[in-house]
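**Student:** Got a predicted structure plus its sequence, pasted below:
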Amino acid sequence: MPGQQNGDYSPNATIITTGNNSRPLRPRNIINGISEIQQFYVIEQQGQDIPAEFLTLEGSLDFFRIGVKSGFNEGLFLILLFPVFSFYLLPFVLHSPDLGTQLLFGSVPYLPVLLNTLLCSYISRYYIGNITRKAINSLFAGRAMILIAKGFLVYISYLVLYRLSTPERVWSVASRFSDNAENLYYGYLKTLPHLVPLATRCAIFILIAAIVPYGSVYLLDRWHKYTVKRNSRLINNL
């Protein structure tokens, strides 16, 4: 009845949004997006059957935009640091480092991609209802699209660089650094055979990082459906 106050929660209660007529704040980054997905998860876990249209087209595009922004930042960090660590710091500064040092410094450019991949895999546990599924799919789609494009760009760029790196062209560039021209020339030619293999591993890593969240969502969703069916059979057999 109007005016009646009841502290009990009803899973069939209508969702009422509060606030004034001003536009609600939009999620700005992946942390904001995950926090909003957690709120959807709490509502749907308690039994409310919310239609997928509750998350509007604009809301889906917001999550897609967050995924694109996250993937772009991860890929940019990787593209900027990957040549610095792989083709300058390791071969020219550290001078034949041991395996542990190679792994330590070689993994630094991949850390943002790895951390965000783990973060996206973590939110797979919220993939239960109409809204959470729609939001997570939009987020993952935006991130995967930009990461795959960045991986392709990395591979093509280093492949073109490898094919253009003839001894004559390398020397024409190295000779501009009169003091270290010879060291740069021979050092670059020494790393040249590793250019495409490293770019290939980098592109494969980016591709895996784009796919892993989808894989974790699929596996957790299958496990959830299996446990529901198993519990249903156990209850029916009682």
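**Tutor:** All right, it came through fine. Numbering: from 1, shown residues only.

**Student:** I'd like to know how many residues surround Leu220.
**Tutor:** Neighbouring residues of Leu220 were enumerated by other Cβ atoms under 10 Å; the total is 16. No exception for glycine: its C-beta is placed from N, CA and C like everyone else's.

**Student:** list the buried ones in the helix or strand harbouring Asn137?
**Tutor:** Using DSSP states H and E, Asn137 falls within helix 130-164. The neighbour-count check on helix 130-164 (16 or more other Cβ atoms under 10 Å) flags 130-144, 146-151, 154-155, 158 as buried.

**Student:** now that helix, how far from the centre of its chain.
**Tutor:** 9 Å (Cα atoms, centre = their mean, to the nearest Å).

**Student:** After that helix, which helix or strand is next?
**Tutor:** Sequence order places helix 167-174 as the next helix or strand after helix 130-164, per DSSP H and E.

**Student:** host element of Glu74?
**Tutor:** Per DSSP H and E: helix 57-84 holds Glu74.

**Student:** how far off helix 57-84 does the lowest-mean-pLDDT helix or strand in the chain point, in degrees?
**Tutor:** Across the helices and strands of the chain, mean confidence by mean pLDDT, DSSP states H and E is lowest for helix 99-106: a mean of 80. With axes from the mean of the first three to the mean of the last three Cα atoms, to 10 degrees as the basis, helix 99-106 and helix 57-84 are set at 140 degrees to each other.

**Student:** Mind giving me the packing neighbours of helix 99-106?
**Tutor:** On a contact count with 3 or more Cβ pairs under 8 Å, 6 or more residues apart in numbering; DSSP states H and E, helix 99-106 meets no helix or strand.

**Student:** That one: which residues count as buried?
**Tutor:** 105-106.

**Student:** all numbers from here: first residue = 52
**Tutor:** Right, with 52 as the first residue, what we last looked at is helix 150-157.

**Student:** Outside of that helix itself, list whatever touches it.
**Tutor:** 136-137, 140-141, 145, 148 (Cβ atoms under 8 Å, 6 or more residues apart in numbering).

**Student:** Could you look up the next helix or strand downstream of that helix?
**Tutor:** Next along from helix 150-157, by DSSP H and E: helix 162-173.

**Student:** In this protein, where is pLDDT below threshold?
**Tutor:** Filtered on pLDDT under 70, the chain yields the residue ranges 52-76, 143, 289.

**Student:** what's the single longest helix in it?
**Tutor:** Counting residues, the longest helix found in the chain (DSSP state H) is helix 246-287.

**Student:** relative to helix 181-215, how tilted is it?
**Tutor:** Interaxial angle, helix 246-287 versus helix 181-215 (the same axes, to 10 degrees): 160 degrees.

**Student:** roughly how far is helix 246-287 from the heart of the chain?
**Tutor:** Counting by Cα atoms, centre = their mean, helix 246-287 comes out at 14 Å from the chain centroid.

**Student:** quick one, it and helix 162-173 angle?
**Tutor:** Using the same axes, to 10 degrees: helix 246-287 against helix 162-173 is 10 degrees.

**Student:** and helix 246-287, what other elements does it pack with?
**Tutor:** By 3+ Cβ pairs under 8 Å, 6+ apart, helix 246-287 packs against helix 108-135, helix 162-173, helix 181-215.

**Student:** Show me what counts as buried in stretch 156-164.
**Tutor:** Neighbour-count burial for stretch 156-164 [16+ other Cβ under 10 Å]: 156-157, 160-161, 163-164.

**Student:** In a markdown table: those, plus distance to Arg284.
**Tutor:** Converted to a markdown table, the buried residues of stretch 156-164 look like this (distance: Cβ to Cβ, whole Å):
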| residue | distance to Arg284 |
| --- | --- |
| Phe156 | 53 |
| Gly157 | 50 |
| Pro160 | 49 |
| Tyr161 | 44 |
| Pro163 | 44 |
| Val164 | 41 |
